[in-house]
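Trainee: what would the 3D arrangement of this be:
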Amino acid sequence: MAPTPHAPTPQPAGPTPSDPGTPSDPGTPDVLAALATEARRPGGAEIDLLPTLELARLMNAEDRTVPEAVAAELPAIAAAVDAIVERMRRGGRLVYAGAGTAGRLGVLDAGECPPTFGTAPGQVVGLIAGGPAALTSAVEAAEDDRAAAVADLDALDPTPADTVIGVSASGRTPYALAAVEHARALGALTVALTGNRGSVLGAAAEHRIEVVTGPELLAGSTRLKAGTAQKLVLNTVSTLVMVRLGKTYGDLMVDVRATNDKLRARSRRIVALATDTGPADADAALAATGGRVKDAILLLLAGVDAPTAAALLARHDGVLRNALREALG
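Mentor: Residues are numbered from 1 along each chain as shown. Okay, here's the model as predicted:
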């Protein structure tokens, strides 16, 4: 039986300092001992003595458990995606906020959306504790800076149409927690992506995605299974959101931006596949539409000219199927 999604029911903005689940020092050993992401694997004390191939097999076996953990959260992921799409259709943005590995993965996913899906600048944003410097160097103290999270979010001038996803393996990183709490107070949609159940971050958000991957090969190194799970979930969220927004046509990335030779070749291939034509026809259609894949497909399938294709797509918010339906009557 499929698991029941976490219902996006109203919840408090977050535990108070007096809440026993929110100790004043989240880094104290007793707190860390309670987290699945910090637990120690049975038999892990002597892994450094294993032959390299056996150690590699052990790590690979651990990694194979991650997709199953993500699968258990698919209903929660789907519910969050549908809520995000509703906001983005109103002009909202998707914002990731995290520290360390979690923050880097959010920035990575945001950075891949413009070339892949043709998103507008600033439509998908990654915020990382410590700023751009933290992408290539560890800025560990930055994750405790709640004020910086609020300031980073305020710099985006958030609105109720926006969505903020706090990403934290522990589910208690102050930067991610403050971003979610502040976003929710401003009326934005909030989602928590964590590696532990019952976290303060999950309690602070309207939607919670809790992918419990368990103890790491190296105790507490959440750049391993927990980070892999975050990457899979972020891939899923952004991809499904873009599919629902009409950024694809079937499995084809029809909003791809052809900014280099590889992407120009991909654009030609996408047009040819979508229209069952050859490279020459695809090239001619792309030339007529300034390289815009959706417009080129409309030209070939509906027999319209470039201005008409552009008008059809504008009328249907860029959704190619709907534009085709009107063009073909």
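Trainee: could I get the buried residue list for stretch 288-297?
Mentor: Neighbour-count burial for stretch 288-297 flags A288, T289, G291, R292, V293, K294, D295, A296, I297 (criterion: 16 or more other C-beta atoms under 10 Å). C-beta here means a position set from N, CA and C on the backbone, and glycine is covered the same way.
Trainee: could you give the mean pLDDT of the lengthiest helix in the chain?
Mentor: The longest helix of the chain (DSSP state H) is helix 225-244. On average, the pLDDT along helix 225-244 is 98.
Trainee: helices and strands around it, which ones?
Mentor: helix 52-63, helix 66-71, helix 74-88, strand 94-98, helix 100-117, strand 163-168, strand 189-194 (3 or more C-beta pairs under 8 Å, 6 or more residues apart in numbering; DSSP states H and E).
Trainee: where do the helices sit along the stretch 151-300 of the chain?
Mentor: Applying DSSP state H, counting those that start in this stretch to the stretch 151-300 of the chain gives helices spanning 174-185, 200-204, 225-244, 261-275, 279-288, 293-302.
Trainee: show the contacting residues for A178.
Mentor: R146, A147, A149, V150 (C-beta atoms under 8 Å, 6 or more residues apart in numbering).
Trainee: now the residues you listed in TSV, with secondary structure?
Mentor: TSV is the format used below for the contacts of A178 (DSSP: H, G, I helix; E, B strand; the rest coil):
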residue	secondary structure
R146	helix
A147	helix
A149	helix
V150	helix
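Trainee: out of those, grab the one that's most surrounded.
Mentor: A149 (29 neighbours; other C-beta atoms under 10 Å).
Trainee: would you convert the contacts of A178 into TSV that also reports distance to I270 and pLDDT?
Mentor: Output for the contacts of A178, formatted as TSV (distance: C-beta to C-beta, whole Å; pLDDT from 0 to 100):
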residue	distance to I270	pLDDT
R146	44	96
A147	45	97
A149	39	98
V150	42	98
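Trainee: and of these, the nearest to T236?
Mentor: For the contacts of A178, the residue nearest T236 by C-beta to C-beta is A149; the value is 24.4 Å.
Trainee: what separation is there between the closest one and R93?
Mentor: Separation of A149 from R93 (C-beta to C-beta, to the nearest Å): 16 Å.
Trainee: over to T248?
Mentor: 20 Å.
Trainee: go on, G329?
Mentor: According to C-beta to C-beta, G329 stands 36 Å off from R93.
Trainee: many thanks, I have nothing further to ask.
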